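Novice: build me a structure from this.
(chains A, B, C and D)
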Number of protein chains: 2
Amino acid sequence: MENAKRIFDAFLCAKGLRHTDQRDIILDAFLGMEGHFSAEEIYRIVSEKNPEIGYATVYRTIKLLCDAGIARGIYFDDGRMRYEHKYGHGHHDHLVCIRCGKVIEIFDPQIEKAQDRLAKEKGFVPIRHQLNIFGVCKECRKRNK
Amino acid sequence: MENAKRIFDAFLCAKGLRHTDQRDIILDAFLGMEGHFSAEEIYRIVSEKNPEIGYATVYRTIKLLCDAGIARGIYFDDGRMRYEHKYGHGHHDHLVCIRCGKVIEIFDPQIEKAQDRLAKEKGFVPIRHQLNIFGVCKECRKRNK
DNA sequence: CCATAATTGAACTTGATTTTCAATATCATA
DNA sequence: TATGATATTGAAAATCAAGTTCAATTATGG
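Specialist: Here you go, the predicted structure:
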């Protein structure tokens, strides 16, 4: 958490950008959230702290967080970007419950390796990937039966 | 091809929907295209056949094609839906070149199995998934070096 | 404290997709 | 094959996420 803040300060400094209250509040809100959330959800949290802060500033700051390596954007299957923590949070894939929307993070070295092999077989240099598995989670399965 | 048309007719009939020239033209255009294309690309092809047909009808018909199991929508990493053939075209994953935008389809039973296993380990009932591997294709690698 | 330049919020723009609505076309039935 | 109920269409407007403009404000080095 504190590290992420230091990273962001260093990033701003290195780029000749400024440290502002708004950026602080947005970073805090972001770091305090768990999971995968849209810009709008971040905006709502930020608004509670300081209702003056506008959407534009939230979008602008999220972009900075991505550039700084603190946030990462992903698309699931609506056309809306979600953000998750990146700093101190390695690559992983996602299980998405189509009932309740819950997202579980998974990682399996075997799958990762197989993907790289497959890409290389086709002459591709793999850079990044996203694997989203949509299904029904344990709780929703119980609930609906 | 012809089968897909029959499927669509049956779908329309079953839903009490009507058979129209526009829907015919859009389905033809869709079936005649290879790969993964946006609504706008479909619209352009359709326009050549019949410039009267509007965007709204293209979007509406694509939605029907998806409902009928003839088309499938996927998001890569811009916020724009792409469509691919689904009828007679089994599940597969995608290699996406970040330079030229080319998309290659891949399928690997081992990866599929590993994904199912992983989902089940977490109590998920997997329904579908999408794996997009972003990288640089063979041609682009040669070109840029 | 000042000057410069980055930042902000509000409103506006963009791009993709969806909806509205009046006019038109389809299709089962008479 | 004419009719009428209703699905469909195109054009324009609406929506939704995201990005941009601009005048006013603020951070920061000197």
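
Novice: okay, the strand ranked longest in chain A in CSV with CA atoms only?
Specialist: For chain A, the strand with the greatest residue count under DSSP state E is strand A:125-136. The C-alpha coordinates for strand A:125-136 follow below in CSV (Å, rounded to 0.1, in the frame of the first residue of the first chain):
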residue,chain,number,x,y,z
VAL,A,125,6.0,-13.7,-29.6
PRO,A,126,3.6,-13.7,-26.7
ILE,A,127,3.5,-10.4,-24.7
ARG,A,128,0.5,-10.7,-22.5
HIS,A,129,-2.7,-12.6,-22.4
GLN,A,130,-6.0,-12.7,-20.7
LEU,A,131,-8.0,-15.7,-19.8
ASN,A,132,-11.5,-15.3,-18.5
ILE,A,133,-13.5,-18.4,-17.6
PHE,A,134,-17.2,-17.6,-17.2
GLY,A,135,-19.3,-20.0,-15.1
VAL,A,136,-21.4,-20.3,-12.0
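
Novice: in its sheet, what does that strand sit against?
Specialist: Looking at strand A:125-136 with DSSP bridges, its partner strands are strand A:93-97 (parallel), strand B:125-136 (antiparallel).

Novice: how about the residues of chain A near chain B?
Specialist: A:75, A:77, A:79-81, A:95, A:97-98, A:104, A:106, A:108, A:110-111, A:114-115, A:118-119, A:122-138, A:141 (C-beta under 8 Å from any C-beta of the partner chain). For every residue, glycine as well, the C-beta is placed using N, CA and C.

Novice: so which of the strands paired with strand A:125-136 is the most packed in?
Specialist: Among the strands paired with strand A:125-136, ranked by average contacts under mean count of other C-beta atoms under 10 Å in any protein chain shown, first place goes to strand A:93-97 (a mean of 21).

Novice: what about that strand, distance to the chain center?
Specialist: 13 Å (C-alpha atoms, centre = their mean, to the nearest Å).

Novice: residues in contact with the next helix or strand after that strand?
Specialist: For strand A:93-97, the succeeding helix or strand toward the C-terminus, using DSSP states H and E, is strand A:103-106. For strand A:103-106, the surrounding residues in contact (C-beta atoms under 8 Å, 6 or more residues apart in numbering or on different chains) are A:35-36, A:76, A:92-97, A:133, A:137, B:118-119, B:122, B:124.
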